[in-house]
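# A predicted structure for the sequence below; I have some questions about it.
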Amino acid sequence: MGVPGVRLVRDVGLAAVDYAYAAVADTPVRAVWVAGACPLDEAGATVAVGDYAGQARQVMRNLRTALEGAGASPADVAKTTVYVASSRQADLVEAWEVYRDAMAPHDPPSTLLGVAVLGYADQLVEVEAVAVLPR
């Protein structure tokens with residue numbers, strides 16, 4: 001899955017998880033760094049206030065749009081970081097499930113973090129990504 005020359009590493013003697021542990025770019029590539037996608041609508045308003053899954057869905061729509069604007073797709077993503085404004089593991093999992101479904105079947109290495117606060121009013125979820133494309 002993904003760009004030719006990018007190999008997702010899974011079997012490294014670690015616990016089985018639903019994403020790759022590492023991504024290796026074996027050929028010259030063009031890298032795309034995507035700023036954290038936020039749960040904002042086209043007018044800049046935070047959507048789905050108080051709803052982790054609802055915000056995660058908007059975040060993933062916005063991430064896809066940002067990737068497409070750079071000539072990439074979710075299948076080109078080599079690494080993500082998922083931020084969730086909560087200290088409750090259940091909230092992190094709720095956002096993660098939406099993220100995972102939106103990325104499927106691609107499962108790049110990712111870090112899931114619970115954080116105290118995010119940048120926009122009422123924001124609960126943010127996802128940043130690095131994508132690689134062939135030159």
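Ah, there it is.

# contact partners for Gly69?
When contacts are counted by CB atoms under 8 Å, 6 or more residues apart in numbering, Gly69 touches no other residue. The C-beta positions use only the backbone N, C-alpha and C, and glycine is treated the same way.

# what segments of the chain are helices?
Counting by DSSP state H, the chain forms helices over residues 52-69, 89-103, given from the N-terminal end onward.

# can you map out the strands along the protein?
Under the criterion DSSP state E, the chain carries strands at the ranges 6-9, 22-25, 29-37, 77-85, 110-115, 125-134.

# so can I have CSV of the ones you listed showing distance to Arg61?
Formatted as CSV, those follow (distance: least, CB to CB, whole Å):
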stretch, distance to Arg61
strand 6-9, 24
strand 22-25, 23
strand 29-37, 8
strand 77-85, 15
strand 110-115, 18
strand 125-134, 11
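
# out of the helices of the chain, which gets nearest to Arg135?
Ranking the helices of the chain by distance to Arg135, with CB to CB as the measure, places helix 52-69 first at 17.6 Å.

# so the closest one versus helix 89-103, what angle?
40 degrees (axes from the mean of the first three to the mean of the last three CA atoms, to 10 degrees).

# now helix 52-69 and strand 125-134, what's the angle there?
Helix 52-69 and strand 125-134 are oriented at 30 degrees to each other (the same axes, to 10 degrees).

# understood, closing this out.
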